[in-house]
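Student: next come a sequence and a model predicted from it.
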Amino acid sequence: MAAAVIPTLRDGEVTLRPIRARDAKPLERVLLDNRGWLRQWEATYPGGGSVVDTRASIRNLLAHARNGNALPFIIEVDGELAGQLNVSSITFGSLSSATIGYWVSQSFAGRGVTPTGVALATDYCFSTMRLHRMEICIRPENHPSLRVVEKLGFRYEGLRRRFIHINGDWRDHFSFALVAEEVPHGVLRRWKDGLAPEDAARITPEDRAAAAIPLRLADR
């Protein structure tokens, strides 16, 4: 698979640009400054702790990009580092899909930065990479992130039990997706025109109730 071309994407004050090795130090500062804000949503390794090693993380992200299955971005607001957005698990052929993950520092929360970044990345994947489906998976407790998919009209698809190891344990996630046919004129334009369906991301009461109860595990 050819290396993924990581573009620079902009809308207003928000820019998605390729992550670089020299971002390690400034990224580390932002992550440490936002430790309390981000820790509860931080991916971890089963059986291990979580250490902020931005150099290793960037090397890993760029390796996935060279393999053609990731687009790792830095989010900037008026040139200031605000967070990260990663398009990962890029698959072509009969599946033609990818997933999106993101975080922003607390100082930029609630300013429309994240939905703008997600819309820019999704539109690029649909229009330029010709992918067919984009997915975002979110912890039930992550209300700011749930607002992102609500604003953009991502469609709710279901509950994934103990899906990703987050903050030291396997956590349930809600899954949301869009396919290219749903947004022929783009996610960003649909959102800014006020045309994103308001109830597309509505989570079923049954799944909300199920997510509130820990999955019963077999006796060990």
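Tutor: Structure's in. What do you need?
Student: any low-confidence regions in the chain?
Tutor: Where the chain drops to pLDDT under 70, the residues are 1, 41, 47-52, 217-220.
Student: what's the first helix or strand after the longest helix along it?
Tutor: Looking across the chain with DSSP state H, the single longest helix is helix 113-127. Moving toward the C-terminus from helix 113-127, the next helix or strand (DSSP states H and E) is strand 133-138.
Student: for that following strand, packing partners?
Tutor: Secondary-structure packing of strand 133-138 (3 or more C-beta pairs under 8 Å, 6 or more residues apart in numbering; DSSP states H and E): strand 97-104, helix 113-127, helix 143-152, strand 155-166, strand 169-179. For the C-beta atoms, the positions are set from N, CA and C on the backbone; glycine is no exception.
Student: so what touches the longest helix of the chain?
Tutor: Helix 113-127 is contacted by residues 7, 9-12, 14, 16, 71, 73, 75, 77, 82-83, 85, 87, 90, 98, 100, 102, 104, 131-132, 134, 136, 144-145, 148, 151-152, 178, 180, 183, 186-188, 191 when judged by C-beta atoms under 8 Å, 6 or more residues apart in numbering.
Student: switch the cut-off to 6 Å
Tutor: Applying C-beta atoms under 6 Å, 6 or more residues apart in numbering, the contact partners of helix 113-127 are 9, 11, 14, 16, 75, 77, 82, 85, 87, 98, 100, 102, 104, 131, 134, 148, 151-152, 180, 186-188, 191.
Student: try stretch 68-77
Tutor: Contacts for stretch 68-77 (C-beta under 6 Å, 6+ apart): 1-4, 6, 13-17, 19, 23, 61, 64-65, 82-83, 85-88, 90, 108, 113, 117.
Student: just the ones in strands from these, please.
Tutor: 14, 15, 16, 17, 82, 83, 85, 86, 87, 88, 90 (DSSP state E).
Student: hang on, residue 111 in a strand?
Tutor: No: counting by DSSP: H, G, I helix; E, B strand; the rest coil, residue 111 is not part of a strand but coil.
Student: against residue 158, how distant is the most centrally placed residue in the chain?
Tutor: For the chain, the residue nearest the mean C-alpha position is residue 101 (1.8 Å; C-alpha atoms, centre = their mean). Remark: distance between residue 101 and residue 158 (C-beta to C-beta, to the nearest Å) = 18 Å.
Student: next, count neighbours for the nearest residue to residue 98 once chain neighbours are set aside.
Tutor: Nearest residue to residue 98, sequence neighbours excluded (C-beta to C-beta, 6 or more residues apart in numbering): residue 90, at 4.4 Å. If you count neighbours by other C-beta atoms under 10 Å, residue 90 ends up with 22.
Student: and the one 10 residues further on, by the same measure?
Tutor: Neighbours of residue 100 under the rule other C-beta under 10 Å: 23.
Student: what's across from the closest residue to it other than its chain neighbours in the sheet?
Tutor: In space, and not counting its chain neighbours, residue 100 is closest to residue 136: 5.1 Å by C-beta to C-beta, 6+ apart. Beta bridges link residue 136 to residue 176, judged by DSSP bridges.
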